[in-house]
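Participant: Could you work out the structure for the sequence below:
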Amino acid sequence: MHTVETVLLVLMLGALTGIAARYVRAIPLPLIQIALGALIAWPQKGLHIAFDPELFLLLFIPPLLFSDGARIPKREFFALYKPILKLALVLVLFTVLGLGYLIHWMIPAMPLTVAFALAAVISPTDAVAVSAITRNLGMPEKTMHVLEGESLLNDASGLVALKFAVAATLTGMFSWGDVAKEFTWMAVGGLGVGAALGWGFSYARSTITRRLGDVAATQMVLLLLLLPFAAYIVGEKIGVSGILAAVAAGVATNFADLDRGNFITERMQSTATWSMVEAAFNGAIFLLLGLQLPSIIGSTLFAAGEDWWILVGYVVVISTALLLMRWVWLMLGVQRSLHQAHRLGKMAEKPSRLLTLATTVAGIRGAVTLAGALSVPLLLHNGQPFPARDLLIFLATGTILFTLVLASIALPWILRHMPPAAEPETVREERLARVAASQAALNSLMLSDEQARQRDPAWLAQRQEVVGHLTQEYRNRLNLLDDSSTSASSVEAQSETPELVMQRKLRYVMEMDMRIHCLQREREVLYAERQAHRINDESLRSLVNELDLSEVALRKRLAVARRAAGLPPADEHSTGHATH
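Facilitator: Take a look at the predicted model:
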């Protein structure tokens, strides 16, 4: 099938399965997409796609990791850095060594270095798979942040371990010193390159938009969409981790966005664009994974003949050992950090056996594991086939399926048996942020004595009427701690003189103008609350999105009202506080 047709088909199937998953809630969307991919690839005349690992890592992984890096709450990420690093770095090393020796002992025909390569491939969890499976299951929010942080960082450590295991197989040489130096260079270099590109892009964007405003919003969103690819390519070209470069670029861009509260059009376009990219690419990844199953799983089992059950047994033993090592490390190496975070108030949920079990089962492997396995070279330097390559790919793919299916079945059961969680901390923080924003908006409506003296009495009387109406709405909101949307005052149709009609129109314009001013003041306070770490990134996005939608609607109504009153169009970026 032609490449363009294949891409269009995969995107269409991704969208259709997303709709189907709304009706079949019992089965996670990734499993539906994998099953569909396998189904359409299984027959002899089915859809078969050559899987290029380098192209896959370039096209699909950078934007998804960039988005995860930009979306993960930075406050929680840095507050929980100890358990995250212990899972992302130390657990990978523990898994590679322990599981590598187990695999070599269980399958003597697989050389030890190849066993280490297999262990390295399946050691990192997959950020896309973790978020896709656990998103709607009610995982405690701080535990979810730890899982997201782990999966963002451990791809690099797993791929570095794979690189050295493959190199040791090809050359027969291995040095712990070289491994440490290479890992440090790839990790620190990748983070540095991504952060530099993210801050550089943000500085250039701020310089341009200060002059042009939101006029160039579409172009800026397009450049932002290309940024993760640029970070990945630059990182790989200079020999550092392109994956970490994409993550760091997302984190840096998110920090810079805290100073861009006024650019509503760009923010709304960016949110919509990234939502579509995440949905399309997530679906494509799992469909492509399913498309590879018949050629990897089916052909290998068929070639094994009557001994097929031995290969399946290998998958079960390796996957079980993988999760068991994860559980052991959580109990022995991470539990203390989690208890300390709980005592310091950085983690609301107290570590428990069920929570540890849920965190263990949530160690899902995904597309990065498959891409790493398929990147293993076909031949050694002497022209001989790479030892046990097909078996390595089969076992890695089987581990992906095992962890996906197990998490889909076990996680809902585990989470249902956990004690009900208290009100999430973010809910309380959002409520306090709403109160602070509403109070700031109320205070901004007051005129100083000097400002009042500069206005004529008729204007002041009209303004006072509007202020009284808005003040009552904000007081009701404060009393109810509610985010009810503002609505325009209803104007009863009645017979009026032309002068009264014009006064009513001007009063309506003033009300719309002041409502926009209040929304802008609320937004400023919300960004200040985030910069003071009183709310996190998730709460900021949620609250600001409400204000953005309200302001866009009010600006459209204001434009119509100004035309009806015979007034010139308002400046799109004005505060709207001093309508004449």
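
Participant: How far off centre is stretch 83-93?
Facilitator: Distance, stretch centre to chain centre, for stretch 83-93: 20 Å (CA atoms, centre = their mean, to the nearest Å).

Participant: mind listing the helices for the stretch 1-150 of the chain?
Facilitator: 3-23, 29-41, 53-59, 61-71, 74-79, 81-85, 91-106, 112-122, 127-134, 141-171 (DSSP state H, counting those that start in this stretch).

Participant: Could you verify my assumption that Asn30 touches Leu401?
Facilitator: To be clear, residue 30 is Pro; Asn isn't right here. No. The pair Pro30 / Leu401 is not scored as a contact, 10.7 Å apart, by CB atoms under 8 Å. (Glycine included, C-beta is placed from N, CA and C.)

Participant: These two - which one has more neighbours?
Facilitator: Higher neighbour count among Pro30 and Leu401: Pro30, with 28 against 19, using other CB atoms under 10 Å.

Participant: From Ile285, how far off is the more buried one?
Facilitator: Between Pro30 and Ile285 the distance is 9 Å, computed by CB to CB, to the nearest Å.

Participant: worst-scoring helix or strand of this protein, pLDDT-wise?
Facilitator: Ranked by mean pLDDT, DSSP states H and E, the weakest helix or strand in the chain is helix 127-134, scoring a mean of 71.

Participant: ok and it relative to helix 61-71, angle-wise?
Facilitator: Orientation check (axes from the mean of the first three to the mean of the last three CA atoms, to 10 degrees): helix 127-134 against helix 61-71 gives 60 degrees.

Participant: okay, the helices of the stretch 1-150 of the chain, which one's buried deepest?
Facilitator: Stretch with highest mean neighbour count among those: helix 112-122 (a mean of 26; mean count of other CB atoms under 10 Å).

Participant: Other residues contacting it?
Facilitator: 92, 95-101, 103-104, 107, 110, 158-159, 161-162, 165-166, 168-169, 174, 318, 322, 365, 369, 372-373, 376, 386-388, 392, 395-396, 399-400 (CB atoms under 8 Å, 6 or more residues apart in numbering).

Participant: when you compare where that helix runs with where helix 91-106 runs, what's the angle?
Facilitator: Using the same axes, to 10 degrees: helix 112-122 against helix 91-106 is 140 degrees.

Participant: Convert helix 112-122 to PDB, retaining C-alpha atoms only.
Facilitator: Extracted C-alpha coordinates of helix 112-122, given in PDB (Å, rounded to 0.1, in the frame of the first residue of the first chain):
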ATOM      1  CA  LEU A 112      24.800 -12.600  28.300                       C
ATOM      2  CA  THR A 113      25.300  -9.400  26.400                       C
ATOM      3  CA  VAL A 114      22.200 -10.100  24.300                       C
ATOM      4  CA  ALA A 115      20.200 -10.900  27.500                       C
ATOM      5  CA  PHE A 116      21.300  -7.500  28.900                       C
ATOM      6  CA  ALA A 117      20.100  -5.900  25.600                       C
ATOM      7  CA  LEU A 118      16.700  -7.500  26.100                       C
ATOM      8  CA  ALA A 119      16.500  -6.400  29.700                       C
ATOM      9  CA  ALA A 120      17.500  -2.900  28.700                       C
ATOM     10  CA  VAL A 121      14.800  -2.800  26.000                       C
ATOM     11  CA  ILE A 122      12.000  -3.800  28.400                       C
END
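
Participant: Please name the residues that touch the residue positioned nearest the centre of the chain.
Facilitator: When CA atoms, centre = their mean is applied to the chain, the residue found nearest the centroid is Asp68 (2.7 Å). Neighbouring residues of Asp68 by CB under 8 Å, 6+ apart: 127, 131, 148, 151-152, 247, 250.

Participant: Name the residues of the top helix by length along the chain that come out as buried.
Facilitator: For the chain, the helix that runs over the most residues, judged by DSSP state H, is helix 176-212. Judged by neighbour count using 16 or more other CB atoms under 10 Å, the buried positions of helix 176-212 are 179, 182-183, 186-187, 189-191, 193-199, 201-202, 205, 209.

Participant: and after it, which helix or strand comes next?
Facilitator: Counting by DSSP states H and E, the element after helix 176-212 in chain order, helix or strand, is helix 217-237.

Participant: got the angle for the helix or strand that that following helix is followed by vs helix 176-212?
Facilitator: Going down the chain from helix 217-237, the next helix or strand is helix 242-256, by DSSP H and E. If you take the same axes, to 10 degrees, helix 242-256 sits at 40 degrees to helix 176-212.
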